[in-house]
Every structure is written in structure tokens, then in C-alpha cells.
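Trainee: My questions are about this predicted structure, shown below with the sequence.
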Amino acid sequence: TNMCAIRSVVAFGELTGGSSAADAEAAYIQPLLDNSIHLYVSIPDSLLTPAMKAAQRGMRQPVYRLRRPLYGWSRSGNIWEKYLGGTLKNIDANYEADLASKLVNSVAKATQSGWLPVENWPQTFWKRNRTGHINILTVYVDDFVMAGVNHRDEWKAIESQIIISKPEVVNRVLGVHFNFEKGPTPNIRHCTMDMDNYAQQALDMYKSVPNAPMLRNGICYPWHEPTKEEIANLSDKVDSTIFGHCAASLLMKLLYAARMVRLDICYAINNLSRYVSRWNALCDKQLVHLFAYIKNTRQTKLHATCDRNELPSIELHAYPDADLAWTFDSTRATSGGFIHIGGVNTFFQLDWFSKRQTATAHSTTEAELIAASKILRESLVPLMSLWSLMLDRDVKGIIHEDNMSTIEVIKTGYSAKLRHVMPRHYR
């Protein structure tokens, strides 16, 4: 799964019956290998049990057949996913028939068995529980997150088949700390998402670089747009950089935070990552500026609000945008996008991105159209499918476009001036 699915499940939980999480213990070694797989390993003497030593007495370089996948083996992840999907599908396969006899109007929906995979959402499963409500489960390797009305009853069936830790209210998932608070009325819940500790780890990593400059205080914007003088004096200096040898590590450290919570630094990382193999002194200055911003905003949190009374009316809102030849060294535009589930009081962030387009747009309209196409195909439509399943109704998706020419092209469905824009030009 991905963080977008996890945020969706948590948001669904706040709108319904809460959410909880558990970890699979020693996940990869829970399934048995198929009998057709013959894999043998040599075990060091220090790891041999007395029984094993006795059994191999008199043998020369004995090997043992592997019966369970090991961490580090390339196929272990796939075997675990297949085992997990099959196990969840077969859990509690008889209750739906009993439910069907009670819910005459929902027979078609209640005749499925066990947890079913959600189409186009890997390692995400759904089922209709004994009370007729939709429960959703998403799994990232060995991290389970479940939500829905009466969803806690489903953990018992999972525990009978898969070894997991005790389910608890969602607190920390993939390094993201979730904190839930009651709102001014019983139907409103507040949620914050942060990575304070992770941001501090990134700052410590920066400080460990030899000759790393001191970080200034008070930096309140993540991207340093260079002046003409800086471009002329610094962009060609590639031999005396401070971070050239470790730029990839520092940027990847921040990229994880950007994908999880810190959407405000996506654009800066997107720009700097293009220079990893051709780092220069200007990149040094921009990276220092970015880390100074992280220092100043280390405790920044995403704030979300859910109003359970709006469950029948909430919608998905998408905001695409693009620049046009904005950077000094490239004519390609950058696509950006943000999606949230929303209502009058409900606002929960679900997905975002910042990505350089793969070809040069000839106009702002073209750049905006490509950004809108990307957010529609890759984010909004899949989320509409997921939320329609969770809410058991059709969920509307709304695109908020700020370019009038682009809006007219979308409404018309065709533009003679943009007939050259084909899918093969943009990936």
C-alpha cells in the first residue's frame, strides 16, 4: 500500500467508527514455502542446536532445506503478500450467508466471502462486517491499519490466522505520528500528523557533514530562487562543493518526509534532486537554505478535521497547478497537485505531488492541462473508487482549475491549438 491509502483509511475511521493498527510479528517467516521450492542453506556452528549437531554428526558441510522465507531473499515479499491476501480472503467465510438472510435488501453485497482486495489499491482489503457496515484494511509489509464501524471485532479473526501485535488506536505509522482530539461538538474530530523526530534526524544528518554551514534562523520559505549574480557566479563551480558527495542521501532523507507529511518541501526537493549527478556551489546554497527552513519549521504539523454528520455529503477535491518554464536552466514546466476529502467542516489531506513534466509545454494552458490530466488519472479517479467503496455510495470528485483557457478546453474536450498534445509526450 502507500501513505495515500493509509491516510484515507484513517480519515474514514475518524468519520465512522475510529481506526486501529497492529504489526505482524516476524511477517516474512509466517508462511511455509511451497513444496516445489527447493532452497538449501548452510548454518554456522554457532547457530546449531544440540539436536542439529547430533543429526549432522559425521557429515561434511551439511545443508538444511529452507521451509520458510527469510528476510533478504528477493521472493520473500511476494510470498508474504500472496499468503496475506489468501489468508484474509478465507477468514470468516461463512458469516456473509447469515448476514444475507437478515439483510434482504443487501443480499448481493453480502454474498462475498472474507476480505476482498480493493481494485487498483495493492495490499488494501475490504469486507462488510456482521452489522452490515464496510470495514477497510490496508497493509504496508507488516503494518496493519483498519477502520470502520465495529471494525475491532475483525481483529479477532485475523489474530487466529496471522501472528500480530495487540491492536491499538493508530498512533505511529511509517514514522508519521497521528494525534486525535475531540472537537467542539461530539460529531467533530481533529487529527494532526507530524514527523518532528524524523525532521530532527535529518538535521542531525546535515550537521554531521564536514564543513556544513551554520543554519540561519527565521527562514520561512523552502525554496531559494537564485539571482542572476548567483547563477553566473555559482552554477559553474562543481569542484569545490560541500555536499556533492552526500547530496543524494540528504535529499532522500527529506523526500521521505515530503511524501509522508511535509508537502511544503516537495517542490524544493524536486528541483534539487535533478542535480545529484552534477552538483554545484549554487546547489549547496539552496540545500543549506532548505535545511534552515526545516530547522525553523521542524514542529510543523498537518491539521485535519472530520465532521461525522457530513458523511453522506463529503466529496473529493483536487487542485492541479503548473508553472511554465519557471527555472533558469530548463524550459519544462512542473506539475503540482493536492487532494483532500472535504465538506463544510471536513478537511483531511489525502495526496499531493510535485513533478517535472517530461516535455516542454508551449503555453500555460498546455502545462495546466497536463497537470490536470496527471492528477485526474493518477490520484483523483483511484481515490473516487476507494472512497465510493468505503462510503458505500458514489463519491463525487471535483477538480479546481484556476486557468480559464484550460477550463474551456476541458469543457469542450478538444482544442485545435493543443492537438499536438498526445499521451506519448508526457509520462
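Mentor: Right, received. Where do you want to start?
Trainee: Toward the C-terminus, what is the element adjacent to the helix or strand of the chain with the lowest mean pLDDT?
Mentor: Least confident element among the helices and strands of the chain, by mean pLDDT, DSSP states H and E: helix 95-102 (a mean of 46). Sequence-wise, the next helix or strand beyond helix 95-102 is strand 116-117, with elements assigned using DSSP states H and E.
Trainee: Now that next one: average pLDDT?
Mentor: When pLDDT is averaged over strand 116-117, the result is 92.
Trainee: Show me what the helix or strand that it is followed by packs onto, helices and strands only.
Mentor: Towards the C-terminus, the helix or strand next in line after strand 116-117, according to DSSP H and E, is strand 124-128. Using 3 or more CB pairs under 8 Å, 6 or more residues apart in numbering; DSSP states H and E as the contact definition, the elements that strand 124-128 packs against are strand 116-117, strand 134-140, helix 381-391. Yep, even glycine has a C-beta here, placed from its N, CA and C like the rest.
Trainee: Can you give me the buried ones in strand 124-128?
Mentor: Of the residues in strand 124-128, those with enough neighbours to count as buried (16 or more other CB atoms under 10 Å) are 124-128.
Trainee: centre of the chain versus stretch 394-410, how much separation?
Mentor: 25 Å (CA atoms, centre = their mean, to the nearest Å).
Trainee: which residues are contacting that stretch?
Mentor: When contacts are defined by CB atoms under 8 Å, 6 or more residues apart in numbering, stretch 394-410 is touched by residues 314-321, 364-365, 368-369, 372, 375-376, 380-381, 383-384, 387-388, 415, 418.
Trainee: Now flag whichever of the buried residues of strand 124-128 is closest to Thr331.
Mentor: Compare each of the buried residues of strand 124-128 with Thr331 using CB to CB and the shortest gap goes to Thr124, at 39.0 Å.
Trainee: For the buried residues of strand 124-128, could you give me JSON lines that also reports distance to Tyr40?
Mentor: Compiled in JSON lines, these are given as follows (distance: CB to CB, whole Å):
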{"residue": "Thr124", "distance to Tyr40": "36"}
{"residue": "Phe125", "distance to Tyr40": "35"}
{"residue": "Trp126", "distance to Tyr40": "40"}
{"residue": "Lys127", "distance to Tyr40": "40"}
{"residue": "Arg128", "distance to Tyr40": "45"}
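Trainee: ok, Thr131 touching Gly148?
Mentor: No: shown here, Thr131 and Gly148 do not form a contact pair, counting by CB atoms under 8 Å, at 9.9 Å.
Trainee: which of those two has more neighbours?
Mentor: Neighbour count, other CB atoms under 10 Å: between Thr131 and Gly148, Gly148 has more, with 26 against 14.
Trainee: what bridges to the residue nearest to that one when sequence neighbours are not counted?
Mentor: The shortest distance from Gly148 to any residue other than its chain neighbours is 3.6 Å, reached at Asn135 (CB to CB, 6 or more residues apart in numbering). Beta bridges link Asn135 to Lys127 when assigned by DSSP bridges.
Trainee: Isn't Asn135 up against Val118?
Mentor: No: taking CB under 8 Å as the contact criterion, Asn135 and Val118 are not neighbours in contact, 11.8 Å apart.
Trainee: Next one: the residue of the chain most remote from its centre relative to Thr192, how far apart?
Mentor: In the chain, the greatest distance from the average C-alpha position (CA atoms, centre = their mean) is reached by Gly58, at 53.4 Å. Distance from Gly58 to Thr192, counting by CB to CB, to the nearest Å: 64 Å.
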